[in-house]
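**Student:** here is my input; please provide its structure:
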Amino acid sequence: KECNHFYPDLPAFYYVLSRACFNGVSALAPTRGPVLDRLLPLQQGDGSFGGALNTALAACTLLNLDEQTQALHRAVEHLLATQRHDGSWPRQPLFLGPAPYYGSEELTTAFCLEALSRYAPDTLTRPGA
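**Tutor:** As a prediction, the model looks like this:
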């Protein structure tokens with residue numbers, strides 16, 4: 001589902017709202033409920049939110065909003081299961097603009113690592129490791 005002409009997918013928009021809340025922008029506190037109500041139904045049967053980047057952004061949103069739920073656990077499991085052997089995840093667009101899109105494997109990987117490191121920094125292991 002498209003978000004707007006800057007963000008191609010809703011998890012990116014929810015991430016920036018939740019990040020502001022997490023960092024103390026109290027005027028956005030009332031958005032917590034509506035963000036969760038709109039984000040959680042986007043989760044797919046495999047635990048993803050539609051690609052590695054969207055899944056990482058959704059996981060970070062849940063963490064920013066202190067929402068330690070099964071949805072978060074399933075998202076993290078999906079990220080661990082889809083990490084490439086070199087440690088990266090495939091690129092996915094984050095921003096739209098004059099060029100078709102802006103995104104990179106490095107950017108996607110950075111958000112995935114943010115989600116994983118904030119989820120359980122001392123307990124995560126990669127499947128098969």
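**Student:** phi first, then psi, for Tyr119.
**Tutor:** Per-residue torsions, Tyr119: phi -70, psi -60 (degrees, to the nearest 10).
**Student:** report how many residues lie close to it.
**Tutor:** Burial of Tyr119 is recorded as 20 neighbouring residues (other Cβ atoms under 10 Å). Just so you know, the C-beta spots here come from the backbone N, C-alpha and C atoms, and that holds for glycine as well.
**Student:** these two touch, right, it and His78?
**Tutor:** No: counting by Cβ atoms under 8 Å, Tyr119 stays clear of His78, with 12.0 Å between them.
**Student:** can you pull out the low-pLDDT segments for the chain?
**Tutor:** Across the chain, the ranges flagged by pLDDT under 70 are 1-5, 96-101, 121-129.
**Student:** residues of stretch 71-87 that come out buried?
**Tutor:** For stretch 71-87, burial by neighbour count (16 or more other Cβ atoms under 10 Å) applies to Ala71, Leu72, Arg74, Ala75, Val76, His78, Leu79, Leu80, Thr82, Gln83.
**Student:** got the CA coordinates for that stretch in CSV?
**Tutor:** What follows is stretch 71-87, C-alpha atoms only, in CSV (Å, rounded to 0.1, in the frame of the first residue of the first chain):
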residue,chain,number,x,y,z
ALA,A,71,4.2,-9.1,16.0
LEU,A,72,7.7,-7.8,16.9
HIS,A,73,9.0,-11.3,17.6
ARG,A,74,7.8,-12.5,14.3
ALA,A,75,9.3,-9.5,12.4
VAL,A,76,12.7,-10.1,14.1
GLU,A,77,12.5,-13.8,13.2
HIS,A,78,11.8,-12.9,9.6
LEU,A,79,14.8,-10.5,9.5
LEU,A,80,17.1,-13.2,10.9
ALA,A,81,15.8,-15.8,8.4
THR,A,82,16.2,-13.5,5.4
GLN,A,83,19.7,-12.1,6.1
ARG,A,84,22.1,-12.9,3.3
HIS,A,85,25.3,-14.9,4.0
ASP,A,86,27.4,-11.7,3.6
GLY,A,87,25.3,-10.1,6.4
